[in-house]
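In: Here's my sequence, what's the structure:
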Amino acid sequence: MQKAQLRNSIVESLARSSYSRTRQVKMAKHGAFAVALVVGLLAAIPAAVESIGVCYGVNGDRLPSASEVVQLYKSNGITGMRVYNVNGNTLQALSGSNLGLILDTGNTQLNALASSASNADSWVKANVQSQQGLAIKYIAVGNEVPNQGGNTADILPAMKNIQNALVRAGLGGIKVSTAVHSGVTQGFPPSQGTFSAAHMPPIAQYLASIGSPLLANIYPYFSFKGTPSIDIKYALFTAPGTVVTDGRNSYQNLFDALVDTMYSALESAGARSVPIVVSESGWPSAGDPDATAANAQTYNQNLINHVGKGTPKRPGAIEAYIFAMFNENLKGGLETEKHFGLFNQDKSPAYNINF
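Out: Numbers count the residues shown, from 1 in each chain. Next comes the predicted model:
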């Protein structure tokens, strides 16, 4: 693990919604109109149905085998998986599972994918085209660049090369995107959201041009920890009433405020048509006084129950992925980073969740 600078990019005295995800580590972790690929066959995913997936991180020892993990997903009614460590063993275990997938290219691959169409063709052939029976929905070309590695200048060229490689392979139904955190935005209240990161408007406009969503890692926990003015109830979906009023929109939870700030930023960049898929969200169960099993259970269960409603700005179902499936004891940085899992290494639940 490599450490990254602690970031708190948005702190306003009265702001309760548009906050950056605070981090002290650089981690290798980590619905409408989506199209799933079963290699050789394109099948539409039903629209307007909320989808809850779980991120499959592997930074732990004594974790179950990939085939055991797939069975654990299915036995718990989990319908989607984000895969950070894309390899043949994992993809083989996923074959025929019908789990909707986000596949990450990995930040270490960005420069190679950006610099060469041939490299993109090779990546698609190895990880998509040569695989059988996979329901691939999205390719995440980079995750929280540059905080977790990589150069922001490589994101858009790599996205274009992967998109073109998929089209050449006859797999254009798979959506290409990149995963970002809330720190790429600024502004409060949510309607005032804009992109603070200069590389984001061209990416947003490209997503609009190819009909892809933006993948957004949304963490009320980090915003709450980084900004003392935020009440924990607002972060946990348990506030008894409106906390932030923004014109005609009222916000009772921080998750909605963060997502709508991102939507406003997309609109300000001329990409109003781009939807958001929440590619990570979660709450740690240990390592900090506010990181308890009770709080983690409350947040994640409320998130599951909430995603069918949408946000004040964009009502309707949200596709979201909880971070993460397992506690990962090999992560560096803050102790909390080891405790985002819904399950322990022995497959026992860290706390009860109903999908």
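In: Please make it C-alpha for all contacts and neighbour counts, starting now.
Out: Fine.
In: buried stuff in stretch 103-115?
Out: Within stretch 103-115, the residues scored as buried using 16 or more other Cα atoms under 10 Å are 103, 104, 105, 106, 107, 109, 110, 111, 113, 114.
In: surely the fifth one meets residue 147?
Out: No - taking contact to mean Cα atoms under 8 Å, the distance of 10.1 Å between residue 107 and residue 147 leaves them out of contact.
In: and stretch 287-299, what's its mean pLDDT?
Out: Average pLDDT, stretch 287-299: 98.
In: Take it, keep the C-alpha atoms, and write them as CSV.
Out: These are the backbone C-alpha positions of stretch 287-299, laid out as CSV (Å, rounded to 0.1, in the frame of the first residue of the first chain):
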residue,chain,number,x,y,z
GLY,A,287,-11.1,1.5,13.7
ASP,A,288,-12.8,4.7,14.8
PRO,A,289,-15.4,5.7,17.5
ASP,A,290,-17.9,6.3,14.7
ALA,A,291,-16.9,3.2,12.8
THR,A,292,-19.0,0.6,14.6
ALA,A,293,-20.9,-2.5,13.4
ALA,A,294,-24.2,-0.7,14.4
ASN,A,295,-23.4,2.3,12.3
ALA,A,296,-22.2,0.3,9.3
GLN,A,297,-25.3,-1.9,9.4
THR,A,298,-27.5,1.2,9.7
TYR,A,299,-25.8,3.0,6.7
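In: Pull out the buried residues from that stretch.
Out: Within stretch 287-299, the residues scored as buried using 16+ other Cα under 10 Å are 290, 291, 292, 293, 295, 296, 297, 298, 299.
In: nearest spatial neighbour of residue 264, skipping sequence neighbours?
Out: Excluding the flanking residues, the one nearest residue 264 by Cα to Cα, 6 or more residues apart in numbering is residue 193, at 4.9 Å.
In: can you count the residues close to that neighbour?
Out: If you count neighbours by other Cα atoms under 10 Å, residue 193 ends up with 24.
In: hang on, the earlier thing: sort out for me which of the buried residues of stretch 287-299 are in helices.
Out: Residues of the buried residues of stretch 287-299 located in helices (DSSP state H): 293, 295, 296, 297, 298, 299.
In: Would you point out the most distant pair within those residues?
Out: 293 and 299 (9.9 Å; Cα to Cα).
In: what's the distance between residue 182 and residue 255?
Out: 11 Å (Cα to Cα, to the nearest Å).
In: Could you tell me the phi and psi values at the closest residue to residue 272 other than its chain neighbours?
Out: With sequence-adjacent residues excluded and distances taken as Cα to Cα, 6+ apart, residue 272 is closest to residue 266, at 5.8 Å. The phi/psi pair for residue 266 (degrees, to the nearest 10) reads phi -60, psi -40.
In: Look up how far residue 242 lies from residue 266.
Out: Taking Cα to Cα as the measure, residue 266 falls 25 Å from residue 242.
In: Alpha carbons only: can I get stretch 113-123 in CSV?
Out: Extracted in CSV, the C-alpha atoms of stretch 113-123 (Å, rounded to 0.1, in the frame of the first residue of the first chain):
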residue,chain,number,x,y,z
LEU,A,113,-4.1,2.0,-22.7
ALA,A,114,-3.9,5.7,-23.4
SER,A,115,-0.8,5.5,-25.6
SER,A,116,-1.7,2.5,-27.8
ALA,A,117,-4.9,1.3,-29.5
SER,A,118,-3.2,-2.0,-29.8
ASN,A,119,-2.8,-2.3,-26.0
ALA,A,120,-6.5,-1.5,-25.6
ASP,A,121,-7.3,-4.2,-28.2
SER,A,122,-5.2,-6.7,-26.2
TRP,A,123,-6.9,-5.8,-22.9
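In: For it, buried residues please.
Out: 113, 114, 117, 119, 120, 121, 122, 123.
In: Kindly confirm my reading that the first one is in a strand.
Out: No - assessed with DSSP: H, G, I helix; E, B strand; the rest coil, residue 113 is helix; it does not lie in a strand.
In: how much space is there between it and residue 265?
Out: To residue 265, residue 113 is 27 Å away according to Cα to Cα.
In: any idea which helix or strand carries the one residue sitting closest to the centre of the chain?
Out: Nearest to the mean C-alpha position of the chain, by Cα atoms, centre = their mean, lies residue 279 at 1.6 Å. For residue 279, the element it lies in under DSSP states H and E is strand 276-281.
In: Packing partners of that strand?
Out: Applying 3 or more Cα pairs under 8 Å, 6 or more residues apart in numbering; DSSP states H and E, one finds that strand 276-281 contacts strand 214-217, strand 319-322.
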